[in-house]
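**Student:** Have a look; sequence and predicted model below, questions after that.
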Amino acid sequence: MIPHGTGLLPAGVRPIATLPLTSAEPESDVDDSPDVEVFLRVLLDGYESGDTVTAFMAAEHADPRIRRSLLLEDGVPISAAALSAHGPGVLLGGSATPRAHRGKGAQARLLLHGLATAAREGHRFAVATAVEGSPSLSNLRRAGARVHLRRAFRLG
């Protein structure tokens, strides 16, 4: 139930995924300490969002506690993904591939890289959200995620 006077309205469902961590080898074509500005350019280009969402994503992913990764193709960054560590688990943050580089499996490769890296560091699980029906949710499912639907809200 939504507390009265919050201004929140139901807005369908938002999947939440829990994933086991794999012991696979990390991806060799990943830069795990990219320049923040380059990372944000790739991430935000992939999101193709409006000004408000772009500003929020930029602020959130510029935080120094966020681990940023870029997948490189011939030295050119083609996809971005972020995660943050929280005790025994990791939260998978924004992940996006600019339109010109979609269809190459870049996001799935970064996802598996992040899971493998987190496992090597001793984390036990990962959590993520994604839009229902999105390629991101499909990638999470292919990586072994258990997907649970939860109610989403928006400001009214």
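**Tutor:** Done, it's in.
**Student:** Show me what the helix or strand harbouring residue 151 is packed against.
**Tutor:** If you go by DSSP states H and E, residue 151 is part of strand 146-155. Other helices and strands packing on strand 146-155, by 3 or more C-beta pairs under 8 Å, 6 or more residues apart in numbering; DSSP states H and E, are strand 8-20, helix 135-142. In short, each C-beta sits where N, CA and C put it, glycine included.
**Student:** Mind listing the strands the first one pairs with, and their directions?
**Tutor:** If I follow you right, that is strand 8-20. Strand pairing for strand 8-20, using DSSP bridges, gives strand 125-129 (antiparallel), strand 146-155 (antiparallel).
**Student:** Least confident of the ones you listed, on average?
**Tutor:** The minimum mean pLDDT among those belongs to strand 146-155 (a mean of 90).
**Student:** that older thread, using JSON lines, please lay out the strands paired with strand 8-20 together with distance to residue 96.
**Tutor:** Output for those, formatted as JSON lines (distance: least, C-beta to C-beta, whole Å):
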{"stretch": "strand 125-129", "distance to residue 96": "13"}
{"stretch": "strand 146-155", "distance to residue 96": "20"}
